[in-house]
Structures are given as C-alpha cells and as structure tokens.
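Student: A predicted structure for the sequence below; I have some questions about it.
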Amino acid sequence: MGQPSSYEQQQLPWVILRLGSHRLALSAAWVREMAALPEVTALPGAEPHLRGMVDIRGRVMPLMDLRRRLGLASLSHEADELIRELQQQEQAHQQWLEQLEDAVLQGRAQTAEADPGQCPFGLWLNRRRAEGGVLARCLEILESPHRQAHLAAVQDDKALRSLARAHSGAVCSLSRAVERCRRDLRRPQKEIALVMQHQGSPLALAVDEVEAVEPLEPSGVNWGRADLGQLNQRLVSGVAQRPESGEMVFLLELDQLLEEGRRLATPDQLRLQ
C-alpha cells in the first residue's frame, strides 16, 4: 500500500496516544491495526530503539520503541525511577509519623502537617498523578490508605500511637498499599502495538496506550506555547489542540519514522518465524 495522500490525512481522524506524560498524534491514514503487544524476539546488535521482531496476525515485522526513538526513557526504566521515588516518599512519611508520635509522647504541639494533601507524600502523590499515564494510575491505590492514616492521626493520637507500634490498622494499610504499588510497577506494563504501513513494509510502534481516535485541527496553534520537554524535535512536525479539552497534542513526523522502520530489519530478519 502506498503513502496516504495529503487529502486522506486531512480527512481522516487522528490516533491520540500516550508516552508517559506526553500526548502525541498520528494520522489514522497510516494505521492499519492496533493490538496488545505480543512477545518480542530480540535482535542482537540492533539499534537501541529497535526492540526486536513481532508476529502480529501472522505478519512478522520490526518493533520500534517509540519512547526510545523520541528521546524518552523506556517504560521499564521510568517504572524503576518511580519505584525509587516511592521508596524515598515512604521513608519521608515514616519520619512524619515518628515526629507526630514524639509530639504525643512529650506532650508537645503537633508540628507535622495533618492535611493529607499538604504533607510531602501527599504533594508528591498529587503531582505524579496529575502527570497522567499508565504508571501514574498504579499510584491510585495509595490515596485512600494515605488519607485514612492522616485521619487516624487527627482523630485520636493515642489510637495512632498504638496502631503504629503494632504495625496494624490505618498505618499498616498504607504500608501494604505501598508494597502492592511496588509490585504493580515491577510487572511488565501492557503496551500497545500500532501497526503502520509504508511502501508495503509493515512496522509496529510500541506505545504506552491509545487514548482516542478523534478529529484534530493541526493549524492555528502557536508553536511557542508547546513545551517539547525531552522529545526529539526533529520527529515532531507540529502541534494541535484537542477540540473538547483544549489539551495540546504533538504531531509525529511519520515520513521519517516510517522510512527508518523500512531500514530497521534485513530481509533475513523479516523471515524470522
């Protein structure tokens, strides 16, 4: 199948996808299929952004890690970083609890922040969740036990002291939720493979998730308002605004990406079964 015409790209909707905190879009004219990412056969000596080969419905094709190609950390690396942050925040929250207990034991006024949304752990949790993405959703299980731990501290200092010492109740519930969150982050995340077509050669792009397929108006948005962050600017052709939410979306430079994909694997590799 040949390259979609500019008219086709203008008329068809756009596939809105997520890579971490970034939203990107590509014309649906290029997309042949979306599928859960299957098992990947690694290719020794391949470029870092070539994850390997995948078999999707009997068609063998190279898999490009779109995160790595755009200059972002891999999903697994980002999960490791989030686990490290979580460990630091858990330790800081334990210090908050110890300060609170010391105040109770010594009859001093409480100086630790009682509002769950304003303590260091709560501020970090709110910031991370606001960034969005598949990894941020793993943090949702922390909200309720974190709030309950603060509620116990405010309502009954003596009960909190007893619960903390026994490692039970609200304090222990938060500890269990943190451990469950760590386990969820260590599990391989379920990525999506977007099957693209370029001059008869299929290419799969590994993305975190697909949010929507919807119309966009690429023109009329000031590039100066766009914060590319770590994204490789050469692979971003423009920026658009989602009609309902007003969120900004980066448009991928697919000509270059697909031409690279055509050269990623040799004919012998493409015949791997």
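Tutor: Arrived safely. Source: prediction; values computed, not measured. Residues are numbered from 1 along each chain as shown.

Student: Next, work out how far apart M64 and I56 are.
Tutor: 13 Å (Cβ to Cβ, to the nearest Å). All C-beta atoms are positioned from the backbone trio N, CA, C, and that covers glycine.

Student: Now do the helices in the stretch 151-273 of the chain.
Tutor: 157-166, 169-186, 254-264, 267-270 (DSSP state H, counting those that start in this stretch).

Student: on contacts alone, who are the packing partners of the third one?
Tutor: It refers to helix 254-264. In terms of contacts (3 or more Cβ pairs under 8 Å, 6 or more residues apart in numbering; DSSP states H and E), helix 254-264 is packed against strand 59-65, strand 192-198, strand 201-207.

Student: Name the stretch among those strands that sits most buried.
Tutor: Looking across these with neighbours counted as mean count of other Cβ atoms under 10 Å, the highest average goes to strand 201-207: a mean of 23.

Student: Would you mark the buried spots in the longest helix seen in the chain?
Tutor: Assignment by DSSP state H gives helix 75-106 as the longest helix of the chain. Neighbour counts over helix 75-106 (16 or more other Cβ atoms under 10 Å) mark 75, 78-79, 82-83, 86, 89-90, 93, 96-97, 100-101 as buried.

Student: got a pLDDT number for R180?
Tutor: Note for R180: predicted pLDDT of 95.

Student: Any idea how many residues pack against it?
Tutor: 14 (other Cβ atoms under 10 Å).

Student: sec struct for the nearest residue in space to E211 that is not next to it in sequence, please.
Tutor: For E211, ignoring the flanking residues on the chain, the nearest one in space by Cβ to Cβ, 6 or more residues apart in numbering is I16 at 4.6 Å. Judged by DSSP: H, G, I helix; E, B strand; the rest coil, the three-state class of I16 is strand.

Student: returning to what we had before: nearest to V178, of the buried residues of helix 75-106?
Tutor: V178 lies nearest to E90 out of these, by Cβ to Cβ, at 5.2 Å.

Student: Run through the residues that contact that closest one.
Tutor: E90 makes contacts with 121, 175, 178, as judged by Cβ atoms under 8 Å, 6 or more residues apart in numbering.

Student: Apply 6 Å and report the result again.
Tutor: Counting by Cβ atoms under 6 Å, 6 or more residues apart in numbering, E90 makes contact with V178.

Student: and the gap between it and R263?
Tutor: Distance from E90 to R263, by Cβ to Cβ: 46 Å.

Student: how many neighbours does the nearest residue to L26 once chain neighbours are set aside have?
Tutor: Nearest residue to L26 in three dimensions, chain neighbours excluded: L252, at 4.7 Å (Cβ to Cβ, 6+ apart). Close neighbours of L252, defined as other Cβ under 10 Å, add up to 26.

Student: Return the set of residues that bridge with L252.
Tutor: V236 (DSSP bridges).

Student: Just the pLDDT for it.
Tutor: pLDDT, L252: 90.

Student: Same check on the one 10 residues further on?
Tutor: At R262, the model reports a pLDDT of 71.

Student: ok, now E47?
Tutor: Reported pLDDT for E47: 85.

Student: Look up how far E217 lies from R182.
Tutor: Distance, R182 to E217, using Cβ to Cβ: 42 Å.

Student: Settle it for me: which of those two has more neighbours?
Tutor: R182 (16 against 11).

Student: wait, what's in contact with the more buried one?
Tutor: With Cβ under 6 Å, 6+ apart, R182 has these contacts: I83.
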